[in-house]
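Student: I would like the atomic coordinates for the input below:
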Amino acid sequence: MDVTQKIEDLKRYAKLERVLALICAASPLLMLLFDAFSFRDSISAYYSMDQNQIFYVPLTAAAMLFLVNGFVKEKHWYNAWLGVLLAGVILFNHQDWTWPHAVFAFAFFLGNAAVIAFYSRNVPVGIRRIFIVGVLLVLAGWAFRLYSLFWAEWISLLFIAGHYMLDASDRPYRAAERGEGPSLSGVTRQKASTKDP
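Tutor: You can find the predicted model right below:
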């Protein structure tokens with residue numbers, strides 16, 4: 001058994017992007033598990049659950065990971081603002097601060113959709129179209145009350161998680177870095193990676 005190789009594999013798996021993806025994907029499931037599988041109208045509604053640390057801790061960790069990626073590591077500038085938006089979602093609960101909460105939540109999910117649509121690189125055009133259609137279908141399903149906002153938000157978090165998992169993988173797909181603007185084209189010239197080992 002090559003211990004050095006195992007340590008390197010663990011370091012690669014523990015990349016910030018992968019941790020962020022795991023938190024985004026698993027947070028709603030944790031809330032369900034600790035709230036006796038009570039399906040609430042939205043993820044935000046779990047702030048009032050009995051064990052509300054299950055709402056606050058994962059989402060605060062996700063906000064901090066966005067902020068670290070954007071401000072501290074200076075990798076993806078838009079993550080800094082997504083972290084601020086998610087912090088606003090957490091700080092302003094949806095009952096006492098209805099409008100500020102709604103603005104922060106809408107901007108957070110819309111911002112993530114924009115990042116995946118316009119700030120991802122080396123994405124085949126077909127995949128980009130599937131993503132855009134998928135986002136529109138999720139919104140349409142919620143607008144036509146086919147499912148609650150909870151499911152629309154969880155699906156959106158899964159899209160976000162997928163983006164970060166792909167960015168942390170060895171695939172050509174990557175998130176745009178500082179200095180790179182939005183791109184309507186799905187495939188770009190491969191840039192030398194500056195990701196952490």
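Student: residue 87 and residue 29, how far apart?
Tutor: 22 Å (C-beta to C-beta, to the nearest Å). For every residue, glycine as well, the C-beta is placed using N, CA and C.
Student: pick out whichever of those two has more residues nearby.
Tutor: Set residue 87 next to residue 29 and count neighbours by other C-beta atoms under 10 Å: residue 87 wins out with 19 against 11.
Student: quick one: contacts for the more buried one?
Tutor: Contact partners of residue 87, counting by C-beta atoms under 8 Å, 6 or more residues apart in numbering, are 60, 63, 67.
Student: the most centrally placed residue in the chain: which element?
Tutor: Residue closest to the mean C-alpha point of the chain, counted by C-alpha atoms, centre = their mean, is residue 160 at 3.5 Å. Residue 160 is part of helix 149-168, with elements assigned from DSSP states H and E.
Student: what residues of that helix count as buried?
Tutor: Residues of helix 149-168 classed as buried: 149-157, 159-168 (neighbour count, 16 or more other C-beta atoms under 10 Å).
Student: go on, stretch 132-147?
Tutor: For stretch 132-147, a neighbour-count test (16+ other C-beta under 10 Å) marks 135, 138, 139, 142 as buried.
Student: contact partners for the second one?
Tutor: Residue 138 makes contact with 152, 155, 156 under the criterion C-beta under 8 Å, 6+ apart.
Student: give me the helix or strand of the protein that scores worst on average pLDDT.
Tutor: helix 3-13 (a mean of 64; mean pLDDT, DSSP states H and E).
Student: neighbouring contacts of stretch 26-33?
Tutor: Residues outside stretch 26-33 that contact it (C-beta under 8 Å, 6+ apart): 38-39, 43, 46, 49, 54-55, 58-59, 62, 150, 153-154, 157.
Student: change it to 7 Å
Tutor: 43, 46, 49, 54, 55, 58, 59, 154, 157 (C-beta atoms under 7 Å, 6 or more residues apart in numbering).
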